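K.L.:
just to be clear, the model below is a prediction. Sequence and coordinates:
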Amino acid sequence: MSGYSQLHLGPLETVAVSVLPQPGVTLMSLVADVLGGRSQGVHPAWRRAVRAAVPTGAAGVLHPLFAPEYSMVPDCLTPTAPLWETDLSAQLDRLQEVSPDALLAELEADFRGTVPRQWQSVVDRPQAFITAYAGILRAVWDSYAPAWSLAGPLLARETERIGVAAVSDALEPVLAGIGPRVRLSGQTLRLPDPHPETFERAGRRVVLVPMVSGNGASVFSFDRPDAVWFGYPVPGLSTLWAGQYPEPTVGDALTLVLGTLRARILRGLSRPRTMGQLAAALVCAPSTVTHHCGQLEAAGLVHRERRGQHVQVTRTTRGDALVDLLSTSWR
């Protein structure tokens, strides 16, 4: 059964954050979904396109990486190992040049001398596996590169959003609502993992990697010495699948950081309101308002209290401060 790996961040005001649109992370999310049986919420049309582009038997070649007993991609096979290298073509070229000895040595070290049976075919014919693996990843990316290009405006806006949040001390609300599979509890991030572990940030930089794969995407690495990183769906991804593009957010940092509806909720709480009053004012379903108020409460921006048959929502002192800070133009 899947659990959650945990990353203890420490006080959020001490966390150094970067945002990095790393195409290799999107690629591995796609591979996990389409060929590895690990759902990432990839749109069915793109899933079909990727499957049509890869060689017959590709899922069988990749089975060792995603076998239920132990899910692991050796560093030498990961197009994200040089994290700051965003030229995916160059990384894929390097994958083709991985030596069989390097792969076998890493498997031996990762599994402490006892390589699981699902990797035996790789141990028997490492060069054949490397060639097939590199070819599959190249085929997946060639079929998906147009989607990555179309997502350029979304990635640029997300980079700006994280930047504004970082300089405005608004990291907590961003992390609290950053993705459907990411949970922030106090100073701890939790992400789904079939083999859960607990990690300490220990002063390392936190790198946020927006992905253009699926609405349920989750990929992360917490064991690098220089940084911890995790991938999450870039906001607005559903508009990309629909062939629509959101209007740019001009001069409104609160909307940029929190999203349109959560910014409207927070602004609408200049005085306490019930959930029903908020839903009516925003012309939204009560369940939608409840979900977003829950995210704002998790970030410490609102407080909810039941009073008889109604739930009253009040903006906290921290919520007041964030509205004041981010309601002025920053351009």
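P.N.:
Looks like it arrived, so ask away. No experiment lies behind these values; they were computed from the predicted model shown.
K.L.:
can we go C-alpha only for contacts and neighbour counts from here?
P.N.:
OK.
K.L.:
how about low-confidence regions in this protein?
P.N.:
By pLDDT under 70, the low-scoring segments of the chain are 1-2, 70, 243-251, 328-331.
K.L.:
strands of that one, start to end?
P.N.:
3-8, 17-19, 183-185, 188-193, 198-200, 205-211, 219-221, 227-233, 273-274, 302-307, 310-315 (DSSP state E).
K.L.:
possible to save these as JSON lines with distance to residue 168 and mean neighbour count?
P.N.:
Formatted as JSON lines, these follow (distance: least, C-alpha to C-alpha, whole Å; neighbours: other C-alpha atoms under 10 Å):
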{"stretch": "strand 3-8", "distance to residue 168": "22", "mean neighbour count": "18"}
{"stretch": "strand 17-19", "distance to residue 168": "12", "mean neighbour count": "19"}
{"stretch": "strand 183-185", "distance to residue 168": "19", "mean neighbour count": "19"}
{"stretch": "strand 188-193", "distance to residue 168": "20", "mean neighbour count": "18"}
{"stretch": "strand 198-200", "distance to residue 168": "25", "mean neighbour count": "14"}
{"stretch": "strand 205-211", "distance to residue 168": "17", "mean neighbour count": "23"}
{"stretch": "strand 219-221", "distance to residue 168": "25", "mean neighbour count": "17"}
{"stretch": "strand 227-233", "distance to residue 168": "21", "mean neighbour count": "23"}
{"stretch": "strand 273-274", "distance to residue 168": "27", "mean neighbour count": "18"}
{"stretch": "strand 302-307", "distance to residue 168": "18", "mean neighbour count": "15"}
{"stretch": "strand 310-315", "distance to residue 168": "18", "mean neighbour count": "19"}
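K.L.:
in the sheet, who's paired with the residue positioned nearest the centre of the chain?
P.N.:
What sits nearest the mean C-alpha location of the chain, by C-alpha atoms, centre = their mean, is residue 232, with 1.2 Å. In this structure, residue 232 bridges to residue 210 when assessed by DSSP bridges.
K.L.:
isn't it up against residue 209?
P.N.:
Yes - in this structure, residue 232 is within contact of residue 209 by C-alpha atoms under 8 Å, at 6.4 Å.
K.L.:
residues of the longest helix anywhere in the chain that come out buried?
P.N.:
If you go by DSSP state H, the chain has its longest helix at helix 126-150. Across helix 126-150, burial judged by 16 or more other C-alpha atoms under 10 Å covers 126-127, 129-130, 132-141, 143-144, 148.
K.L.:
and that helix, how far out from the chain's middle?
P.N.:
In terms of C-alpha atoms, centre = their mean, to the nearest Å, the gap separating the centre of helix 126-150 from the centre of its chain is 21 Å.
K.L.:
ok, now stretch 101-112?
P.N.:
28 Å.
K.L.:
swap in stretch 281-289?
P.N.:
Using C-alpha atoms, centre = their mean, the offset of stretch 281-289 from its chain centre is 26 Å.
K.L.:
pull out the buried positions in that stretch.
P.N.:
In stretch 281-289, counting by 16+ other C-alpha under 10 Å, buried: residue 289.
K.L.:
which residues touch that stretch?
P.N.:
264-265, 275-276, 278-279 (C-alpha atoms under 8 Å, 6 or more residues apart in numbering).
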